[in-house]
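Peer 1: make a model of this:
(chains A, B, C and D)
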2 protein chains.
Amino acid sequence: MHGDLRPGEALTLRGIGKMFDVSMTPSREAVRRLVADGGLILSASGRVTTPELSNERIEELAAIRALIEPELASRALPRAHIALIERLQTINGTIAETVAKHDEVGYIRANLEFHRTLYLRAQAPAMLALTETVWLQLGPTMRALYARLNRTEVPHNHRLIVAALRAGDEPGLRLAVRSDVTQGLRMLTV
Amino acid sequence: MHGDLRPGEALTLRGIGKMFDVSMTPSREAVRRLVADGGLILSASGRVTTPELSNERIEELAAIRALIEPELASRALPRAHIALIERLQTINGTIAETVAKHDEVGYIRANLEFHRTLYLRAQAPAMLALTETVWLQLGPTMRALYARLNRTEVPHNHRLIVAALRAGDEPGLRLAVRSDVTQGLRMLTV
DNA sequence: CGGTCGCTTTTGTGATCACATTCGCGTCAT
DNA sequence: ATGACGCGAATGTGATCACAAAAGCGACCG
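Peer 2: Reported below is the predicted structural model:
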């Protein structure tokens, strides 16, 4: 989910087991779970790799994000008190640091934490879980995107989101979230 | 997904293995996959049961369906030629038979097949997959619903959906799908 | 009669093994 | 130089086992 793995990277059960000092059995269960959620691809021969998404698939996943995440933000809005907004700003600060350090994985992690922090307030665990499976599918691809993007600052839309939360501006919030979600991924489909 | 299991029904790895004449290993993998998708619940002690959904959870899952399925229908609309519409009507006929026979599991199966047949035309596999995980979570609960409902005919909304497809009426289609999805589940939250 | 304690059975976990398949790579022939 | 062939290493699969935890159940006590 955080882009630790590149698209198309291969994994082996024994290799994962060694990584975490366990046998093949727990590795298999973890892999099967990730495969079920689309976070890993199981080839016909049983080999496991991270997904290499086609442009159509990326657009589709972006469309799903654009559908669900504004809804989550909208549900979180009435419950977003000042402490939450300040926390979001702190995360934006962390994002700025990762940008300065060219830390791609850290950037993705902080970016998703920004969204998750907001959506947790929506009190919609199933919706959030679905969204996270989409993030999971996009993880390796996002890394490829942000590596080639070379940001210089915190995404503008994150500031718009915070501003809309402060103002209690529901349509503005939906729009800002939708833009934030769509924009980065649009750049990927080359 | 089809309501073969009641809400809260317990399963054991060895039991599943015997059912399909395999050892515990494949049972575990299948269970882990279903747990990952929310189709089964893993208790703290590792025991596995079907989910007993709270009213809030049911409403949330209904909201997700109401969000995604109209979108799928809308995307399928331009590609819905006459053969597809006739197939949908055939499925409605099957639904009528299951209603007459008070075959609850058959009803759920045919109902979902109606939706899946339409959505397959949307050319949006990720969106369809997400929707099916929602169906999976609702499976056992749906059975409880339709058992208590005692339908007498094919849902009105299914006919509205077919009519909207024929007319190329996109707003009408979205509305009919949304109603079909919401209506049944609203009845569950008592 | 009801509740609590303790034992037996059931169950999930993680490790290991044998086996079939597949992959990777070097060799050889054209 | 290029392609196909073949062999050895690596990999996934399913079964089985030992173990610890939990659940079910009965007996015993108040």
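Peer 1: quick one: name the residues of chain A near DNA strand D.
Peer 2: Counting by CB under 7 Å from any atom of the strand, chain A comes close to DNA strand D at A:11-15, A:24-25, A:28, A:42, A:45-48. To be clear about C-beta, it is placed using only N, CA and C from the backbone, and glycine gets the same treatment.
Peer 1: can you do 6 Å?
Peer 2: A:12-15, A:24, A:28, A:46-48 (CB under 6 Å from any atom of the strand).
Peer 1: ok, now which ones touch A:Thr117?
Peer 2: A:84, A:87-88, A:91 (CB atoms under 8 Å, 6 or more residues apart in numbering or on different chains).
Peer 1: mind running it again at 10 Å?
Peer 2: A:Thr117 is in contact with A:76, A:84, A:87-88, A:90-91, counting by CB atoms under 10 Å, 6 or more residues apart in numbering or on different chains.
Peer 1: taking those residues, please make a ChimeraX selection of just the buried ones.
Peer 2: Those of these that count as buried under 16 or more other CB atoms under 10 Å in any protein chain shown are selected in ChimeraX with:
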select /A:76,84,88,91
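Peer 1: which strand or helix spans the closest residue to A:Arg65 other than its chain neighbours?
Peer 2: Counting by CB to CB, 6 or more residues apart in numbering or on different chains, A:Arg65 lies nearest to A:Val181, which is 4.3 Å off, once chain neighbours are set aside. Assigned by DSSP states H and E, A:Val181 falls within helix A:170-186.
Peer 1: what residues of that helix count as buried?
Peer 2: A:173-182, A:184-185.
Peer 1: chain neighbours aside, what residue packs nearest to the residue sitting nearest the centre point of chain A?
Peer 2: Residue closest to the average C-alpha location in chain A (CA atoms, centre = their mean): A:Trp135, at 3.9 Å. The spatially closest residue to A:Trp135, leaving aside those adjacent along the chain, is A:Met1, at 5.3 Å (CB to CB, 6+ apart).
Peer 1: again with A:His2
Peer 2: Nearest to A:His2 is A:Arg109, by CB to CB, 6+ apart, at 4.7 Å.
Peer 1: same check on A:Asp169?
Peer 2: A:Ala163 (7.9 Å).
Peer 1: what's the helix or strand harbouring the one you found in contact with?
Peer 2: For A:Ala163, the element it lies in under DSSP H and E is helix A:156-167. With contact meaning CB under 10 Å, 6+ apart, helix A:156-167 is reached by A:73, A:76-77, A:80-82, A:84-86, A:88-89, A:91-92, A:95, A:111, A:114-115, A:118, A:121, A:153, A:155, A:169-184.
Peer 1: now with 7 Å, please.
Peer 2: For helix A:156-167, the surrounding residues in contact (CB atoms under 7 Å, 6 or more residues apart in numbering or on different chains) are A:77, A:80, A:85, A:88-89, A:92, A:114, A:172-173, A:176-177, A:179-180, A:183.
Peer 1: count of residues packed around A:Ile108?
Peer 2: Per other CB atoms under 10 Å in any protein chain shown, the neighbour tally for A:Ile108 reads 23.
Peer 1: surely it is in a helix?
Peer 2: Yes. Counting by DSSP: H, G, I helix; E, B strand; the rest coil, A:Ile108 is located in a helix.
Peer 1: among the contacts of A:Thr117, which are in helices?
Peer 2: A:76, A:84, A:87-88, A:90-91 (DSSP state H).
Peer 1: between those, which is nearest B:Leu149?
Peer 2: B:Leu149 has its nearest neighbour among these in A:Ala76, at 34.0 Å by CB to CB.
Peer 1: hmm, that closest one is touching A:His115, no?
Peer 2: No. Applying CB atoms under 7 Å as the test, A:Ala76 and A:His115 come out as separate, 10.3 Å apart.
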